[in-house]
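Trainee: Got a predicted structure here, sequence first:
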Amino acid sequence: MSTAADDLTEAERTRILAKTARFAPPAAQLADGRRELVGLSREEIIAELAAIGEKPFRAKQLWHWIYHQGATDFSRMSSIARPLQEKLAAHFIIGRPEAAEVQTSTDETRKFLFRFRDGQEAETVYIPDRQEDRGAVCISSQVGCTLSCRFCHTGTQTLVRNLGAAEIVGQFMAARDSYGEWPSPRGETPRLLSTIVLMGMGEPLYNYENVAKAMTIVMDGEGIALSRRRITLSTSGVVPMMDRAGTELGVNLAVSLHAVRDELRDEIVPLNRKYPIAELIAACRRYPAASNARRITFEYVMLRGINDSEADARELVRLIAGIPAKVNLIPFNLWPGSPYETSTQSAIDRFAAIVMDAGFSSPVRTPRGRDILAACGQLRTESRRARASA
Ligand code: SAH
Ligand code: SF4
């Protein structure tokens, strides 16, 4: 039975999706008529093959080459006979976003400026783990962002458009290319690029359909095969979509909390005016994929004299009591013209201690790639909406 509240949520969801349709990514069809295969679901690939008279089992073969082997060239597909390779190449491409710029930080963090087919650009960051032989790829979901969080550089760039599933998966695949991270002929599996954090430019839950499709592709067991435990989606708190992401994708959730009182959060995370703290925390409490083994991460940027008092820390632990959670304290990263300063080390230590004493782990996120503006909240590109720049 549907209640009024359900209807409201449904209406809200529909509105969100309709609103984002204006910012659609480019179609899969290129100017020369060929189609991009990356970003299509298995069913869509089967349909594309049927349209050129090929059987469904070919989709399985293609999937393996594209997503397991990382092939971009049909002529490398040794399990497919030459005439069919040529036919496929006449109809399809397996593309990658173009790396317009690649910068590597003194701490080994690598930032890619990816240019997509229509010339729009977004940034992707690879953050190697210093202890282990692996690392995380921080992926963008939108070019720009509709939300204008006061401390965030991306928030100063208006939303240009959503990224398509091909462009979202494509960032990960192109980053893997850059490290030669595909299975070797001897079958060694890639390790370096083994985690995805949806923490780049944009609000992933305002581009849910494309993000969900891309994550379904990377989780597919016959392709890239990342476990949902290796994917973390960060949201500034689009409450109705959190439920959907939890049920349909079951990935780890990170929530950009940053303030524990509505008055302050309304100001620094303006989305709070729509989904206030109580609603956000309620959505976290019911997030299906949260458990003691898979805790929700509350992200909390440390802004000097703004949100970093001991009273704030105590209110934080009161708010999240009972949620399987950890609190990630993020020293504020500066960007040109940014209006805040980062908290003092002693304020961070005191804050962390209060959270820790309440039983929540409270790691302080080490800033990575600050020298190349690759750290949290520093990403931004020159892309603009066509109409705005005309
Ligand atoms: N839009 C999503 C995904 C971006 S994740 C979200 O907001 O959650 C990037 C994380 O870095 C978020 O927690 C964001 O609030 C945080 N952040 C933004 N600007 C920052 C800055 N200047 N310094 C440190 N963290 C920042
Ligand atoms: Fe957008 Fe996230 Fe930056 Fe806020 S913090 S402006 S939601 S990218």
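Mentor: Okay, I see it. Ligands and ions are numbered 1, 2, ... in the order given.
Trainee: show me where the protein has helices.
Mentor: Shown for the chain, the helices assigned by DSSP state H span residues 4-21, 42-51, 57-63, 82-91, 165-178, 208-219, 239-248, 262-268, 277-285, 310-320, 345-357, 386-389.
Trainee: from those, which stretch is densest packed?
Mentor: helix 165-178 (a mean of 24; mean count of other Cβ atoms under 10 Å). In this view, the C-beta of every residue, glycine as well, is placed from N, C-alpha and C.
Trainee: quick one: that helix to helix 208-219, angle?
Mentor: Calculated by axes from the mean of the first three to the mean of the last three Cα atoms, to 10 degrees, helix 165-178 forms an angle of 40 degrees with helix 208-219.
Trainee: contacting residues around helix 165-178?
Mentor: Defining contact as Cβ atoms under 8 Å, 6 or more residues apart in numbering, one finds that helix 165-178 is touched by 25, 28, 36, 38-40, 70, 95-97, 99, 102, 110, 112, 114, 116, 122, 124, 126, 137, 139-141, 182, 190, 193, 196, 200, 210-211, 213-214, 217-218, 224.
Trainee: hmm, it in reach of ligand 1?
Mentor: No - where contact is defined by Cβ under 6 Å from any ligand atom, no part of helix 165-178 touches ligand 1; the two come within 13.1 Å at best.
Trainee: Outside of stretch 24-33 itself, list whatever touches it.
Mentor: 35-36, 39-40, 93, 116-118, 161-164, 166-167, 210.
Trainee: now with 7 Å?
Mentor: Residues outside stretch 24-33 that contact it (Cβ atoms under 7 Å, 6 or more residues apart in numbering): 35-36, 39-40, 93, 117-118, 161-164, 167, 210.
Trainee: same question, stretch 143-154
Mentor: By Cβ under 7 Å, 6+ apart, the residues outside stretch 143-154 that reach it are 120-122, 155, 157-161, 163, 201-203, 206, 236, 267-271, 301, 303, 332, 335, 338-340, 377-381, 383.
Trainee: Could you restrict those to the ones contacting ligand 2?
Mentor: Filtering the contacts of stretch 143-154 for proximity to ligand 2 (criterion: Cβ under 6 Å from any ligand atom) leaves Gly155, Gly202, Glu203, Ser236.
Trainee: Run through the residues that contact Gly135.
Mentor: Contact criterion Cβ under 7 Å, 6+ apart gives Tyr126, Ile127, Pro128, Asp129, Leu192, Leu193, Thr195 as the residues in contact with Gly135.
Trainee: how far away is the nearest residue to the last one once chain neighbours are set aside from Phe151?
Mentor: Counting by Cβ to Cβ, 6 or more residues apart in numbering, Thr195 lies nearest to Ala136, which is 4.1 Å off, once chain neighbours are set aside. Counting by Cβ to Cβ, to the nearest Å, the gap between Ala136 and Phe151 amounts to 21 Å.
Trainee: And Leu249, by the same measure?
Mentor: From Leu249 across to Phe151, the span is 27 Å (Cβ to Cβ).
Trainee: if you count what's nearby, which of those two comes out ahead?
Mentor: When neighbours are counted by other Cβ atoms under 10 Å, Phe151 comes out ahead of the other of Leu249 and Phe151, with 25 against 20.
Trainee: before we move on, the earlier item: if you rank the contacts of stretch 24-33 by neighbours, which is first?
Mentor: Counting by other Cβ under 10 Å, Leu163 has the largest number of neighbours within the contacts of stretch 24-33, with 32 neighbours.
Trainee: was I right about it contacting Ser140?
Mentor: Yes - at 6.4 Å, Leu163 and Ser140 qualify as touching, with contact defined as Cβ atoms under 7 Å.
Trainee: anything in contact with each of the two?
Mentor: Ala122.
Trainee: where does the protein dip in pLDDT?
Mentor: Residue ranges of the chain with pLDDT under 70: 1-11, 13-20, 184-190, 386-390.
Trainee: was I right about Ala245 contacting Leu233?
Mentor: Yes - in terms of Cβ under 7 Å, Ala245 counts as a neighbour of Leu233; the distance is 6.1 Å.
Trainee: what do those two both touch?
Mentor: Listed as contacting both Ala245 and Leu233 by Cβ under 7 Å, 6+ apart are Val251.
Trainee: Find the residue closest to Ile268 in space, skipping its chain neighbours.
Mentor: For Ile268, the nearest residue in space outside its immediate sequence neighbours is Arg150; the separation is 4.6 Å by Cβ to Cβ, 6+ apart.
Trainee: Just give the number of residues close to Ala136.
Mentor: 20.
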